[in-house]
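S.K.: Pasting a predicted model and its sequence here:
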Amino acid sequence: MQKRIFHGMLLSILCTLTLIHPVHAGSGHHDGNDTHHEGKNDEHHDDSTHAHSPTTAMAEIVMHLNHYPSDSEKQTLKEITRSSSASAHEKTIAEALLRMQHSVANDDKGKLQKIVADNAAPAPVKTLANIVMNLNHQPSNEDKKSLKSLMK
């Protein structure tokens, strides 16, 4: 229990620092256009897969989820909903997780389904939305594999 609280607090601090001072050059906002690569030959590069992106922070939360987010995880999610660097889709996922009680509310499932169906949404965001939409108390082993890939 103490390890989970410590992990949640650490995640909250890292997310807060990243939201205040993004490490990635540029606005931190992903507009779906990946043509702004600078110097690196990283075919999977986009803001949503950056080590401290809102998507990564939420993947960490979902990976360790047990019925609903902890208080420190809820604080991180609230920060994401207020962040100028989070996309509208990321904010929707964070809001769904904030309201989650063992599974997401039906209204939120509909919003998450729209993200999954949005061809313009980045693949990591769509993956996370799909996992959150289908959560039942905690992620499945299959979901955990996908979440690990989002956290890289």
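M.R.: That came through, no problem.
S.K.: So what does residue 101 look like in phi/psi?
M.R.: phi -130, psi 90 (degrees, to the nearest 10).
S.K.: give me the number of residues near it?
M.R.: 8 (other Cβ atoms under 10 Å). Every C-beta, even on glycine, is put in place using the N, C-alpha and C of the backbone.
S.K.: per-residue confidence for it?
M.R.: You'll see residue 101 listed with a pLDDT of 88.
S.K.: Same question for residue 65.
M.R.: At residue 65, pLDDT is 89.
S.K.: Same question for residue 58.
M.R.: For residue 58, pLDDT reads 94.
S.K.: what about it, helix or strand, and which?
M.R.: helix 54-63 (DSSP states H and E).
S.K.: helices or strands up against that helix?
M.R.: helix 2-20, helix 71-82, helix 88-99, helix 123-133, helix 141-150 (3 or more Cβ pairs under 8 Å, 6 or more residues apart in numbering; DSSP states H and E).
S.K.: what about 6 Å?
M.R.: helix 71-82, helix 88-99, helix 123-133, helix 141-150 (3 or more Cβ pairs under 6 Å, 6 or more residues apart in numbering; DSSP states H and E).
S.K.: got the angle for it vs helix 88-99?
M.R.: 30 degrees (axes from the mean of the first three to the mean of the last three Cα atoms, to 10 degrees).
S.K.: Double-check residue 54 against residue 79; I have them as touching.
M.R.: No - assessed by Cβ atoms under 6 Å, residue 54 is found out of contact with residue 79, at 8.9 Å.
S.K.: what touches both of those two?
M.R.: With contacts defined as Cβ atoms under 6 Å, 6 or more residues apart in numbering, no residue is adjacent to both residue 54 and residue 79.
S.K.: Counting neighbours, go ahead and name the busier of those two.
M.R.: More crowded of residue 54 and residue 79, by other Cβ under 10 Å: residue 54, with 31 against 19.
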